[in-house]
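K.L.:
For reference, the sequence and a predicted model appear below.
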Amino acid sequence: MKFKTMSKAKSISCFILCMVLVVVAGAIVMWGIPKKIPGIGDRGKASYITQGLDLKGGTSITYEVEKGASQKDIADTRAKLEKRVQSKFSSEATAYREGDNRITVEIPGAYDADKAVDELGKPGKMYFTTAAEDGYTPTEEELKNEDYIKYQEGYYKVWLTGDEVADAKGASRADDKTNELENVVNVTFTSEGGKKFADMTTANVGKQNYIIYNNEVITAPNINEAITGGSCEISGSFKTIDEANDLATNIRIGGLKAEIKELSHSVQSAQLGNDALSKSLKAGLIGFIIICIFLLFVYRIPGLAAALSLVAYVEMMLLALNGFDLTLTLPGIAGIILDIGMAVDANVIIYARIREEIAAGRQVQNAIHTGFQKATSAIVDGNITTLIAALVLLWRGSGTVQGFATTLAIGILVQLFASLVISRALVWLLYYMGFQTEKFYGKEKIRKTIEFVQKKAILFTVSIVTIVIGLGSIAFHASKGSAFDYSIEFKGGISIDVEFAKEYDVNYFNDSIKPELEKILNTTDVQGQQDTANRKLYKIKTRSLSEEEFKKVRETLVKNFKAVDKEENFGNTEISDTISSEMRRDAVLATIIATICMLIYIWIRFKNIQFALAAVVALVHDVLVVVGFYGISRVTVGTTFIACLLTIVGYSINATIVIFDRIRENRASMKRGDQLIDVVNASITQTLTRSIYTTLTTFVMIFMIFIMGVSSIREFTLPLMVGVIAGMYSSVCVTGSLWYVMKKGAEKKAE
């Protein structure tokens with residue numbers, strides 16, 4: 001085999017250039033772009049990344065629903081408001097009901113509350129109208145039923161309203177005549193709306209259709225023909241696709257079922273405290289340094305390349321979060337942790353392969369080439385299956401699920417580039433710089449094959465017993481009232497407005513006031529948000545309270561923390577869940593679809609349905625273990641619960657693919673007389689070091705955040721650690737043996 005060579009001087013120069021790029025990227029992450037470029041400013045700086053309500057806070061806007069609206073109309077209005085703020089600001093924005101007739105919207109990172117309110121616009125009704133006949137004055141009955149509305153000096157006939165729009169999307173297409181690119185808005189109506197739109201266009205060909213929102217004409221396209229297909233296209237007035245998208249957004253979610261008016265808006269502090277993110281970053285940095293030292297110690301020169309490529313990955317990921325204006329929340333951090341674990345895993349797979357090739361007698365140069373070549377399939381397959389899951393979650397999920405999926409998808413692409421391109425380049429540069437002997441790379445030890453398949457009865461029993469205990473705990477607690485300790489995000493609760501005699505920052509609240517309330521109420525589900533306009537004022541959210549519990553809370557806050565003891569203080573209202581039924585349904589549906597898509601991919605890629613089925617069983621195994629842990633430990637099930645399970649799904653499938661890839665490779669080289677059971681055992685044993693190292697490094701990263709983070713972050717990372725251990729166990733002790741059992745069973749049926 002012939003290789004292109006590089007001189008030592010040139011390789012040193014290239015290596016120095018790489019280091020300069022890493023340092024420059026790090027400087028941008030730390031301090032931003034030094035030159036004040038218009039429209040960019042401090043872009044690149046890590047602190048510029050928009051942080052969610054849990055990490056940094058945001059704007060809270062409260063609306064009141066006008067009298068007469070039904071409960072169904074209020075629920076529909078809340079859902080549409082949430083979609084509006086998510087499309088306008090961030091997928092992490094939420095809307096929930098407060099009391100009987102109020103809806104509160106919370107927007108992360110939007111610190112100019114007045115600007116946020118202006119950009120959101122005054123929610124109101126949308127009408128599809130045509131001009132009334134000149135001089136026509138509608139009757140009181142027509143106005144009452146909104147058959148006509150007054151706009152400026154004239155009346156307009158209402159044909160249909162915004163709630164009869166099913167969907168609206170901005171798009172670009174080639175003009176039929178000029179073939180030039182044209183921006184348009186495609187509108188789809190409900191079945192009833194489609195009929196009304198057909199009536200309007202049939203009766204008004206050649207006239208204008210006025211779409212009126214908040215008593216303002218937002219567009220007035222000409223009706224060129226009768227449109228009876230239930231959809232239409234608006235064209236001719238959009239200079240950019242952004243203009244088309246803005247109109248589509250207004251049309252899509254402009255029609256609210258209930259009339260609402262703004263009551264108040266304010267800026268709220270972070271739920272987890274001002275130092276929650278800084279503590280997590282410090283912990284993550286310590287864990288990251290430990291991982292890099294570990295890689296250097298175990299893999300020597302390749303370990304240096306791995307550490308540098310991981311640094312590059314982190315820098316590129318932070319720049320990507322910045323560039324795409326993504327909102328970073330705890331679920332997003334979960335996605336980044338998973339990506340770091342996968343990046344470490346990719347490097348471990350590569351360098352273990354290199355050491356195996358050296359142990360097999362290959363020269364270092366050949367070993368590097370072959371190691372990367374053999375490792376690529378496992379890395380690509382593992383990442384593609386996880387990417388499939390991320391894309392499906394992005395497509396079908398909503399809210400925090402979409403935020404998690406976006407961060408995960410971007411991270412997968414970035415870490416693939418870092419592992420397969422940057423790491424490879426650095427290894428070759430170090431090789432040509434003079435690190436060409438075996439001592440700089442090491443040899444993989446030949447291990448005695450462990451008989452995993454023969455021990456399958458014991459290993460399967462451990463899994464089954466663990467899952468049964470967890471599910472049994474859930475059933476027991478369900479019989480007592482609640483299967484899980486659901487947070488207010490899942491089941492709603494109460495919001496208490498408390499004014500203190502002095503200012504307390506959120507860190508003091510979380511460290512001193514919150515533990516006292518948790519002790520009184522026997523729950524960890526207590527959140528405090530400070531009003532930054534009046535820093536003595538707090539909004540405290542927790543589960544619904546009995547009269548006696550509320551009295552204890554009030555007495556504690558007055559006596560121990562100098563809350564103002566007056567009647568107008570301690571106003572409280574019931575609040576609805578922020579994880580809506582739609583979000584839960586979307587998360588479940590998206591996970592099911594993602595699992596099916598991953599199964600199909602593995603089936604096609606490995607040309608064996610048993611591989612796909614075993615992988616899905618392992619995935620279900622790990623999810624059930626973690627769900628059972630939530631039931632036993634009574635860790636609060638909140639917004640991070642969904643992200644935690646999705647992280648475990650990604651981690652589980654990636655770990656399983658590595659072992660299956662080795663089984664596939666070893667089966668292809670089986671000799672006459674070789675037994676399939678021996679191939680499976682050998683494959684698991686050969687990848688055992690990788691499984692241990694990857695689990696250890698990922699666990700260390702999460703563990704450091706666990707011991708150094710605030711209490712809410714510890715509640716989030718504890719189930720993650722359980723999931724990581726479960727993922728290792730299932731991939732090593734369950735999947736290979738399960739595949740073998742199913743494979744032999746299929747062969748017997750075929751005989």
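P.N.:
Now that the structure is in, tell me what you want to look at. Residues are numbered from 1 along each chain as shown.
K.L.:
give the contact list for Arg714.
P.N.:
Going by CB atoms under 8 Å, 6 or more residues apart in numbering, Arg714 touches 706-707. Using the backbone N, CA and C atoms, a C-beta is placed for each residue, glycine as well.
K.L.:
buried sites along the helix or strand containing it?
P.N.:
Counting by DSSP states H and E, the element that carries Arg714 is helix 711-729. For helix 711-729, a neighbour-count test (16 or more other CB atoms under 10 Å) marks 711-713, 715-724, 726-729 as buried.
K.L.:
need the strands for the stretch 201-350 of the chain, in chain order.
P.N.:
For the stretch 201-350 of the chain, the strands defined by DSSP state E, counting those that start in this stretch cover 210-213, 216-219, 231-235, 260-268, 327-328.
K.L.:
and those strands, which is most packed in?
P.N.:
Most buried of these by mean neighbour count (mean count of other CB atoms under 10 Å) is strand 327-328; its value is a mean of 26.
K.L.:
elements contacting it?
P.N.:
Applying 3 or more CB pairs under 8 Å, 6 or more residues apart in numbering; DSSP states H and E, we find strand 327-328 packed against strand 50-51.
K.L.:
Could you tell me how many residues sit around the closest residue to Cys292 other than its chain neighbours?
P.N.:
Spatial nearest neighbour of Cys292, chain neighbours left out: Ala307 (3.9 Å); criterion: CB to CB, 6 or more residues apart in numbering. If you count neighbours by other CB atoms under 10 Å, Ala307 ends up with 22.
K.L.:
May I see the strands of the stretch 201-350 of the chain organised as JSON lines, with distance to Asp100 added?
P.N.:
Listed next are these as JSON lines, based on distance: least, CB to CB, whole Å:
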{"stretch": "strand 210-213", "distance to Asp100": "27"}
{"stretch": "strand 216-219", "distance to Asp100": "30"}
{"stretch": "strand 231-235", "distance to Asp100": "38"}
{"stretch": "strand 260-268", "distance to Asp100": "13"}
{"stretch": "strand 327-328", "distance to Asp100": "31"}
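K.L.:
any chance of these in JSON lines, plus distance to Asp565 and mean pLDDT?
P.N.:
Listed next are the strands of the stretch 201-350 of the chain as JSON lines, based on distance: least, CB to CB, whole Å; pLDDT from 0 to 100:
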{"stretch": "strand 210-213", "distance to Asp565": "47", "mean pLDDT": "86"}
{"stretch": "strand 216-219", "distance to Asp565": "47", "mean pLDDT": "82"}
{"stretch": "strand 231-235", "distance to Asp565": "59", "mean pLDDT": "87"}
{"stretch": "strand 260-268", "distance to Asp565": "23", "mean pLDDT": "74"}
{"stretch": "strand 327-328", "distance to Asp565": "38", "mean pLDDT": "74"}
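K.L.:
Quick check: which of those is nearest to Ala9?
P.N.:
Proximity to Ala9 (CB to CB) singles out strand 327-328 among those, at 42.6 Å.
K.L.:
That closest one - which strands sit beside it in the sheet, and in what orientation?
P.N.:
strand 50-51 (parallel) (DSSP bridges).
K.L.:
And stretch 460-473, what's buried?
P.N.:
Buried residues in stretch 460-473 (16+ other CB under 10 Å): 460, 463, 466-467, 470, 473.
K.L.:
er, stretch 420-427 actually
P.N.:
420, 422-424, 426-427.
K.L.:
cool, stretch 512-530 as well?
P.N.:
513-514, 517, 521, 523-530.
K.L.:
for the helix or strand encompassing Glu555, the distance to its chain's centre please.
P.N.:
Assigned by DSSP H and E, Glu555 belongs to helix 547-561. Here helix 547-561 is found 37 Å from its chain centre; the criterion is CA atoms, centre = their mean, to the nearest Å.
K.L.:
what is the mean pLDDT for it?
P.N.:
Average pLDDT, helix 547-561: 90.
K.L.:
cool, and stretch 655-664?
P.N.:
If you average the pLDDT values across stretch 655-664, you get 89.
K.L.:
What of stretch 424-440?
P.N.:
Mean pLDDT, stretch 424-440: 91.
K.L.:
Likewise for stretch 718-725?
P.N.:
pLDDT averaged over stretch 718-725 gives 90.
K.L.:
And for stretch 177-191?
P.N.:
Confidence for stretch 177-191, expressed as mean pLDDT, is 84.
K.L.:
how about it: buried residues?
P.N.:
For stretch 177-191, a neighbour-count test (16+ other CB under 10 Å) marks 182-190 as buried.
K.L.:
from those, which ones fall inside strands?
P.N.:
Among those, the ones falling in strands (DSSP state E) are 182-189.
K.L.:
Closest one to Val453 out of those, please.
P.N.:
Taking CB to CB as the measure, Val453 lies nearest Thr188 of those, at 54.3 Å.
K.L.:
wait, isn't the closest one in contact with Ile227?
P.N.:
No: the criterion here is CB atoms under 8 Å, and Thr188 misses it with Ile227 at 11.6 Å.
K.L.:
In this protein, where's the longest helix?
P.N.:
helix 364-396 (DSSP state H).
K.L.:
Please compute how far it lies from its chain's middle.
P.N.:
Averaged C-alpha coordinates place helix 364-396 at 21 Å from its chain's average position (CA atoms, centre = their mean).
K.L.:
Show the subsequent helix or strand relative to it.
P.N.:
Next helix or strand after helix 364-396 toward the C-terminus (DSSP H and E): helix 400-417.
K.L.:
What's the first helix or strand after the helix or strand bottoming out on mean pLDDT in the chain?
P.N.:
Taking mean pLDDT, DSSP states H and E as the measure, the chain has helix 113-120 as its least confident helix or strand, at a mean of 70. Scanning forward in sequence from helix 113-120 by DSSP H and E, the next helix or strand is strand 126-131.
K.L.:
and the next helix or strand after that next one, average pLDDT?
P.N.:
Following strand 126-131 in sequence order, the next helix or strand is helix 140-144 (DSSP H and E). Average pLDDT, helix 140-144: 84.
K.L.:
Alpha carbons of helix 140-144, in CSV - could you do that?
P.N.:
What follows is helix 140-144 as a C-alpha-only set of coordinates in CSV (Å, rounded to 0.1, in the frame of the first residue of the first chain):
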residue,chain,number,x,y,z
GLU,A,140,-77.2,45.1,14.2
GLU,A,141,-77.8,41.3,13.8
GLU,A,142,-75.1,41.1,11.0
LEU,A,143,-72.6,43.0,13.1
LYS,A,144,-73.4,40.9,16.1
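K.L.:
helices or strands up against it?
P.N.:
So helix 140-144, by 3+ CB pairs under 8 Å, 6+ apart, packs with strand 148-151.
K.L.:
So what touches the strand it packs on?
P.N.:
Counting by CB under 8 Å, 6+ apart, 127, 129, 132, 138, 142-143, 155-158, 210, 212, 215, 217 sit against strand 148-151.
K.L.:
Now which of the residues you listed would you call buried?
P.N.:
Buried members of those, scored by 16+ other CB under 10 Å, are 127, 129, 132, 138, 142, 155-158, 210, 212.
K.L.:
Look up phi and psi at the residue of the chain positioned farthest from its centre.
P.N.:
Distance from the C-alpha centroid of the chain peaks at Gly135, with 55.6 Å (CA atoms, centre = their mean). Per-residue torsions, Gly135: phi 80, psi 0 (degrees, to the nearest 10).
K.L.:
Over to the one 4 residues further on?
P.N.:
Backbone geometry at Thr139, expressed as degrees, to the nearest 10, gives phi -80, psi 170.
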